[in-house]
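1. Could you look at this predicted model? Sequence included:
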Amino acid sequence: QSVLTQPPSVSGAPGQRVTISCTGSDSNIGTGYDVHWYQQLPGTAPKLLMFGTTHRPSGVPDRFSGSKSGPSASLAITGLQAEDEADYYCQSYDNSLSAWVFGGGTKLTVL
Amino acid sequence: QLQLQESGPGLVKPSETLSLSCTVSGGAISSSDHYWVWIRQPPGKGLEWIGSIYYIGGTFYNPSLKSRVTISLDSSKSQFSLDLSSVTAADTAVYYCARALRGTFRYSVDYWGHGTLVTVSS
């Protein structure tokens, strides 16, 4: 059971918009710790997709955006493309566990 | 461009110690701005933080693994290492070494190694 809860899967057609939620608690996201997102393509290492909740590393298209409200965060992907099909993970810090924590991951399928 | 490369045995016997090293190139391991991190991913499952170290020597471990984990850093070799003792089949995973930020946007992992599969089996 992950400290951060993500839906196991989401899907969308090319060109559509999808969102992936990441629900935490008052000991992690809710207390103000940054949320970071990673994209993991099949058979590869994860790649930093979003840091500090809303910031994109160089090279990440602006089709990807992040937001946070209370103990939850979301990753939105607009203009869905086949190359976006991957696993997505959120990450934060939990001060009651004194641990870096990940969500369980969400598999995005592009229909 | 920073690169990280894991090395170590791909097969470890139950009850023994899993030992991996990560060689850092293209950047300074002696940076006070970064953590050096071990993360693992069991086959078909999600990511789990194992622990982190930074140059001055501070170490931080996942409480669920703390009794079995040691992470160390050798700046002369530009390497950091992971020892995980008393392994069981549940420790079978792809092990990633990585770098994370210490300052602003703390804990974001900006560089990852390719990962190495370690199987625990007799």
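-> Alright, I've got the coordinates.
2. Any residues of chain A in contact with chain B? List them.
-> A:2, A:33-34, A:36, A:38, A:44-48, A:51-52, A:55, A:57, A:89, A:91-93, A:97-105 (CB under 8 Å from any CB of the partner chain). Placement of C-beta: from N, CA and C, glycine included.
3. what's the nearest residue to the residue nearest the centre of chain B if we skip its chain neighbours?
-> Centroid-nearest residue in chain B: residue B:38, 2.3 Å away (criterion: CA atoms, centre = their mean). Counting by CB to CB, 6 or more residues apart in numbering or on different chains, residue B:50 is the residue found nearest to residue B:38 once chain neighbours are left out, at 4.1 Å.
4. cool, and residue B:48?
-> residue B:40 is the one closest to residue B:48 (CB to CB, 6+ apart), at 5.3 Å.
5. about what we covered before: so the residue nearest to residue B:38, which of the three states?
-> Taking DSSP: H, G, I helix; E, B strand; the rest coil as the rule, one finds residue B:50 in the strand state.
6. ok, the residue lying closest to residue B:56 once chain neighbours are set aside - contacts?
-> In this structure, residue B:56 finds its nearest non-sequential neighbour in residue B:32, 6.5 Å apart by CB to CB, 6+ apart. Counting by CB atoms under 8 Å, 6 or more residues apart in numbering or on different chains, residue B:32 touches B:54-56, B:102.
7. Now do the residue of chain A most remote from its centre against residue B:63, distance only.
-> Most distant residue from the mean C-alpha position of chain A: residue A:96, 21.7 Å away (CA atoms, centre = their mean). Residue A:96 sits at a distance of 10 Å from residue B:63 (criterion: CB to CB, to the nearest Å).
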